[in-house]
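In: fold the following.
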Amino acid sequence: MLTISQLAAYAGVTVRAVRHYHKVGLLPEPERDRSGYRIYNAAAVVRLIRIRTLADAGVPLARVQELLDAGPEEFAGGVQEIDKDLRAEIRRLQDTRSRLARLAAGEHLALPQSVVDYLDRLRGLGVGERYIELERDAWIMIAAQVPHLIDSVIARKHEELDDPDMVRLYSFFTGEPDWRAGDPRIVEVADVLERLMIRAVEAGEVGADGFDDQFVALMDSTMLESAPGAELVLAILEERGWSGWTRIERVPADRLNTELPPS
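Out: Numbering: from 1, shown residues only. Coordinates of the predicted model:
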């Protein structure tokens with residue numbers, strides 16, 4: 001006959017573990033001797049070793065009991081089911097690790113890879129980090145609003161970067177400008193934007209965009225608050241009859257055939 005310490009030593013577990021198995025009902029508590037000590041037999045050693053073996057194999061304690069009492073076929077089926085659950089958990093943890101690794105770059109937080117690649121392309125054009133952050137935050141909101149459209153939207157943005165006017169537009173954002181009224185670059189930016197807007201209208205690329213009006217208003221206000229000179233550029237465009245920033249709301253017909261200064 002064995003004491004609880006001896007039982008634990010034979011099975012390779014701690015006394016605390018034995019008491020826990022008693023508490024959760026995996027290991028029946030034996031009768032006590034005249035001195036009040038629990039006395040264990042060989043059957044308890046065998047059961048405890050089986051419990052430890054299953055637990056070490058990754059079997060949840062909640063499932064150990066059913067496996068201990070199962071027949072050969074039920075035991076095999078139970079182990080396969082647990083293995084399936086463990087493999088699913090491993091895949092989940094691997095995905096989590098991959099996401100954590102991507103988060104080290106910062107921009108992968110809440111952004112798909114296609115957007116990250118686009119931001120990297122902007123960096124390649126010399127766009128400053130201040131504006132990269134502004135674009136990133138906007139794309140985070142867009143990706144959350146229309147996740148099913150983001151890849152196609154980004155593909156179109158890549159195509160737009162083949163337009164010299166678009167490249168010219170981003171060339172204004174390579175540093176940390178503090179544009180004020182009277183800065184000639186304000187008018188030049190407005191001219192470049194208007195050429196891009198005219199081409200978008202003529203190509204039929206304005207209209208339904210998948211965004212609700214409140215979201216469009218949020219994007220507009222974010223741009224006006226964050227981008228130096230944006231309010232001044234917008235004022236010039238409104239003087240020319242345009243309305244809208246994130247979404248073109250009004251198109252001045254008399255401007256569609258206007259010859260604007262070349263880039």
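In: just the buried positions in stretch 51-70, please.
Out: Across stretch 51-70, burial judged by 16 or more other C-beta atoms under 10 Å covers 51-52, 54-55, 59, 64, 67. (C-beta placed from N, C-alpha, C; glycine too.)
In: what is the rounded mean pLDDT of it?
Out: Average pLDDT, stretch 51-70: 85.
In: so which residue is smack in the middle of this structure?
Out: Centroid check for the chain by C-alpha atoms, centre = their mean gives residue 110 as the closest residue, at 3.5 Å.
In: three-state assignment of that one?
Out: Here residue 110 is recorded as coil under DSSP: H, G, I helix; E, B strand; the rest coil.
In: that one touches residue 144, doesn't it?
Out: Yes: the pair residue 110 / residue 144 is scored as a contact, 7.0 Å apart, by C-beta atoms under 8 Å.
In: can you list contacts of stretch 28-36?
Out: 22, 38-41, 44 (C-beta atoms under 8 Å, 6 or more residues apart in numbering).
In: sort out which of these are buried, if you could.
Out: By 16+ other C-beta under 10 Å, these give 38-40, 44 as buried.
In: and those as TSV, adding distance to residue 11 and pLDDT?
Out: Shown next, in TSV, are these (distance: C-beta to C-beta, whole Å; pLDDT from 0 to 100):
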residue	distance to residue 11	pLDDT
38	14	85
39	15	89
40	10	90
44	9	91
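In: mind putting those into a markdown table with distance to residue 216 and secondary structure?
Out: Converted to a markdown table, the buried ones among the contacts of stretch 28-36 look like this (distance: C-beta to C-beta, whole Å; DSSP: H, G, I helix; E, B strand; the rest coil):
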| residue | distance to residue 216 | secondary structure |
| --- | --- | --- |
| 38 | 72 | strand |
| 39 | 77 | coil |
| 40 | 73 | strand |
| 44 | 71 | helix |
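In: state the pair within the contacts of stretch 28-36 that is farthest apart.
Out: Pairwise distances across the contacts of stretch 28-36 (C-beta to C-beta) peak at 15.1 Å, for the pair 22 and 41.
In: gap between the closest residue to residue 70 other than its chain neighbours and residue 50?
Out: In space, and not counting its chain neighbours, residue 70 is closest to residue 78: 5.9 Å by C-beta to C-beta, 6 or more residues apart in numbering. In this view, residue 78 and residue 50 are 13 Å apart by C-beta to C-beta, to the nearest Å.
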